[in-house]
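> need coordinates for the following:
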Amino acid sequence: MMSIDSKRFVVSIDKEAVWIFTLFILSLINATMLLISTIVLLLYLLAKNSLVVGATKGLIFIAIRTIVNTGIAIGYDSIGTIKWIIIFSLSLIIILSSISKSANYNKSFIWLLFLLFCYIIFDSLLFSGYPTVSIFKAISWAFVFCAVVMAVVKNPEIEWIEHISNYLNIVLMVSPLAILLGVAYLRNGHAFQGVTNHPNMFGIIAALTFALNIHLMQKRFNVFRVIMLILSIVFGVMSESRTGMLCIVVCFVTYIWFSSISSWKKITLTILTILIVIIGFLMGLGEPLLDFVYKGQDIGGLLYSREGQISRAITKYENNKWFGSGFMVPLNSGYQSFSFSFELNVEPGNIIIALLGDIGIVGTFLFVIAFGNLFYKMDKQNIILYLMPLVASMGEMMFFSTNNIAVLFYVFYGVCIARTNKSQEHIRGIVVYDTKEKNYYAIRH
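Reported below is the predicted structural model:
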């Protein structure tokens, strides 16, 4: 998309970036231009890149365009059905174009994920009050997840993380414009949402920006990325998103202990962090910090804003502890309705409680086994990419929301799977990348 020289701050923008930027601006005009601009951009990306890469970049673009502040432009909600058709079509293009390509990756994770998917289908038929909608949501998640992961795994020459970080960096850098437009606090009047549609979303975007920049800095120090790290923290605080700030803290701690920096630097950074926290409390910053965490509530009201979501999830869990009460659908214990509706939405709030309520103890166990397998086998240099979607979904459960920013999460896991293969091949010998076959091959000693 664009490259930045950290020494001279020279920004090189390619032709694709110009197309994306131009059509993005045009999409802000009205619903008709949103649809036209999206289609034109997708056709351009598919023509300029391979079908798999173009379709994946298209899914990433749609995810970013989805979160635009409603005070700035109309969203995809106005063409919701068409958006779903586009997402499924792009995913189908990826899967059909990737079938003939071979690639080495963590196949056990994919099989475990397939087992989880099959379980959700049968579980929905037997125990969900809305089996048709539950199955549709399971398919929409698994289909898009597998498509994006396949695209990333089989096209490792693309710098996927840098591609996404460019988008998120721009979102943060242009967010002050929302103040000039009078829509920076549109949602609730006190929390900063920038150019996104919600302060909590902006907090997550700030956290992801922090995570991707610090992840990329493991390869090469970059002054621009340091600036983005600082900007991410500032905007994270302004968003008043506790989940976003939790992500940043987890990301920073993870970076210290799992990065390739020396042990003495890890210990030094840890001590400095503890000292900064202590000094902050001694200087009277403790009370504002607690106010931020509790959001004006007393200790007992810490989760006041999530009480409704938690209560509904717990009710679903108690209705059927072992198998749950339907994947991403409301509880309907009286009877089964096989009708289909896009209106049957839920706000789970927390991925752990949501999984227990939706697919029960058995399904949650299968989920933990699948992602535990990935964690065990992946290159631990990618642990930030692995953790961020899960930590973010502890407060803003977007993990299965393929019509939101979940596509970005799936790219992260695709990189984790792809890099797993690279790290394992490094153990066996010298790794050679074949640009024609788009795969890594090990030359044994």
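> so for stretch 389-403, what's the average pLDDT?
Across stretch 389-403, pLDDT averages out at 90.
> no wait, stretch 339-359
Here the average pLDDT along stretch 339-359 is 81.
> neighbouring contacts of that stretch?
Residues from elsewhere that reach stretch 339-359 (Cβ atoms under 8 Å, 6 or more residues apart in numbering): 80-81, 119-120, 123, 130, 132-133, 136, 306, 309-310, 312-317, 321, 323-330, 363-364, 366-367, 390, 393-397, 399. Placement of C-beta: from N, CA and C, glycine included.
> mind checking which of these land in strands?
Counting by DSSP state E, those place none of their members in strands.
> buried subset of the residues you listed?
Among those, those classed as buried by 16 or more other Cβ atoms under 10 Å are 119-120, 123, 130, 132-133, 136, 309-310, 312-313, 316-317, 323-329, 363-364, 366-367, 390, 393-397, 399.
> ok, T132 - contacts?
With contact set as Cβ under 8 Å, 6+ apart, T132 has these partners: 337-340.
> which of the residues you listed lies closest to H198?
Within the contacts of T132, the smallest distance to H198 is 27.4 Å, found for F340 (Cβ to Cβ).
> tell me the SS of that closest one?
Here F340 is coil, with the state taken from DSSP: H, G, I helix; E, B strand; the rest coil.
> how deep is it tucked in, by neighbour count?
Neighbourhood size, F340 [other Cβ atoms under 10 Å]: 11.
> spell out the residue ranges of the strands in the protein.
Assigned by DSSP E, the chain shows strands spanning 2-5, 10-13, 429-434, 439-444.
> now the last one: average pLDDT?
Averaged across strand 439-444, the pLDDT comes to 43.
> picking that back up, which one of the contacts of T132 sits in the busiest neighbourhood?
Most surrounded of the contacts of T132: other Cβ under 10 Å gives S337, at 16 neighbours.
> run through the residues that contact S241.
Applying Cβ under 8 Å, 6+ apart, the residues near S241 are 191, 199-200, 202-204, 206-207, 395-396.
> pLDDT weak spots in the chain?
For the chain, residues meeting the criterion pLDDT under 70 lie at 1-13, 100-104, 259-309, 347-348, 419-445.
> still on that earlier bit, so which of the contacts of stretch 339-359 sit within helices?
Members of the contacts of stretch 339-359 lying in helices (criterion: DSSP state H): 80-81, 119-120, 123, 132-133, 136, 309-310, 312-317, 363-364, 366-367, 390.
> ok, I110 - contacts?
146, 149 are the contacts of I110 under Cβ under 8 Å, 6+ apart.
> hmm, try it at 7 Å
By Cβ atoms under 7 Å, 6 or more residues apart in numbering, the contact set of I110 is empty.
> now G324. Nearest residue, chain neighbours left out?
In space, G324 comes closest to G360 once its chain neighbours are excluded; the distance is 3.7 Å by Cβ to Cβ, 6 or more residues apart in numbering.
> before we move on, what about L366?
Nearest to L366 is L116, by Cβ to Cβ, 6+ apart, at 4.5 Å.
> can you give me the helices for the stretch 201-350 of the chain?
Shown for the stretch 201-350 of the chain, the helices assigned by DSSP state H, counting those that start in this stretch span residues 223-239, 242-258, 263-282, 286-294, 307-319.
> coming back round to it: these two touch, right, the residue nearest to G324 and S325?
No - counting by Cβ atoms under 7 Å, G360 does not reach S325; the two are 8.1 Å apart.
> how close does the residue nearest to L366 sit to I227?
Applying Cβ to Cβ, to the nearest Å, the value for L116 to I227 is 40 Å.
> now swap in K219 and tell me
Distance, K219 to I227, by Cβ to Cβ: 17 Å.
> who has more neighbours out of L116 and I227?
Neighbour count, other Cβ under 10 Å: between L116 and I227, L116 has more, with 22 against 14.
> and that one, what is it in contact with?
With contact taken as Cβ under 7 Å, 6+ apart, L116 is in contact with 366-367, 370.
> repeat for S97
51-52.
> flag every buried residue along stretch 156-163.
With burial defined by 16+ other Cβ under 10 Å, the residues of stretch 156-163 counted as buried are 156, 158, 160-163.
> closest one of those residues to T32?
Of all the buried residues of stretch 156-163, H163 has the smallest distance to T32: 28.1 Å, by Cβ to Cβ.
> and F221, how many neighbours does it have?
9.
> please report how far it lies from I161.
The span separating F221 from I161 equals 16 Å under the rule Cβ to Cβ.
> could you do A47 as well?
A47 is 24 Å from I161, where distance means Cβ to Cβ.
> now do the contacts for I82.
Applying Cβ under 7 Å, 6+ apart to I82 gives the contacts L35.
> please apply the same query to T402.
Counted by Cβ under 7 Å, 6+ apart, T402 has contacts 87, 140-141, 144.
> and these, which two are the farthest apart?
I87 and W141, at 11.3 Å, using Cβ to Cβ across these.
> since we're on W322, how many residues are nearby?
So W322, with other Cβ under 10 Å, has 12 neighbours.
> how about it: what's its closest non-neighbour residue?
G360 (4.9 Å).
> equivalent analysis for N188, please.
Spatial nearest neighbour of N188, chain neighbours left out: P199 (6.7 Å); criterion: Cβ to Cβ, 6+ apart.
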